[in-house]
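Colleague: Next input, structure requested:
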Amino acid sequence: MMIQSEGRCPSRDVAGLADQLRPVMLKLSRHLRREALKVGISDLDAQLLGIIKRKPGLGISELADIEHMSRPTMSAHVKRLEEAGWLMREAEDPDGDRRRVRLVLSPEGKRALEAIRRTRNDWLEARLGQLSAEEFAALDAALGSLVRLVEVRG
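Modeller: Numbers count the residues shown, from 1 in each chain. From the prediction side, this is the model:
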């Protein structure tokens, strides 16, 4: 299917590109998830820890909303991460609400996330190093478009 869009490529096969890109992205994602498992952390745990690292002080309800999970389910995940020593709860809320619990990474959680980042980067670097200069340049040039692709809402 060819689509015309003002301000974009005059003609493009969106369905064809989507059909080719989807399995590649899924396979890449699977490889990166496996690298997290080598550190001993599930993909979901790594994702939750990453969100809390980016937004320290987040509450369980907010985290559940971000991940589109029920609050009881998220509470169970948070409890498990806390028992693993990767997460801590802070009772002090800057707004004075003593019922609200703020989630922060423990030092062990920070180390675990860093280990995942290193393992995933090592895997990617090894593969990027096997590309030709032209292939590397093409990926580098496409990076901005890929970032935009995952940030587009709708």
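Colleague: roughly how far is the helix ranked longest in the chain from the heart of the chain?
Modeller: The single longest helix within the chain, with elements called by DSSP state H, is helix 14-39. Distance, stretch centre to chain centre, for helix 14-39: 13 Å (C-alpha atoms, centre = their mean, to the nearest Å).
Colleague: for that helix, what is the average pLDDT?
Modeller: In this model, helix 14-39 has a mean pLDDT of 92.
Colleague: other SSEs contacting it?
Modeller: For helix 14-39, the packing partners by 3 or more C-beta pairs under 8 Å, 6 or more residues apart in numbering; DSSP states H and E come out as helix 43-54, helix 107-128. Yep, even glycine has a C-beta here, placed from its N, CA and C like the rest.
Colleague: tell me what the strand or helix carrying residue 65 is packed against?
Modeller: Using DSSP states H and E, residue 65 maps to helix 60-67. For helix 60-67, the packing partners by 3+ C-beta pairs under 8 Å, 6+ apart come out as helix 43-54, helix 71-83.
Colleague: Of all these, which one is nearest residue 152?
Modeller: helix 43-54 (19.8 Å; C-beta to C-beta).
Colleague: Contacts only, for the residue nearest the centre of the chain.
Modeller: The centroid of the chain falls nearest to residue 47 when counting by C-alpha atoms, centre = their mean (5.4 Å). Contacts for residue 47 (C-beta atoms under 8 Å, 6 or more residues apart in numbering) come out as residue 67.
Colleague: Try it again at 10 Å.
Modeller: 33, 36, 41, 66, 67 (C-beta atoms under 10 Å, 6 or more residues apart in numbering).
Colleague: Of the residues you listed, which is the nearest to residue 82?
Modeller: Comparing the contacts of residue 47 against residue 82 with C-beta to C-beta places residue 41 closest, at 14.3 Å.
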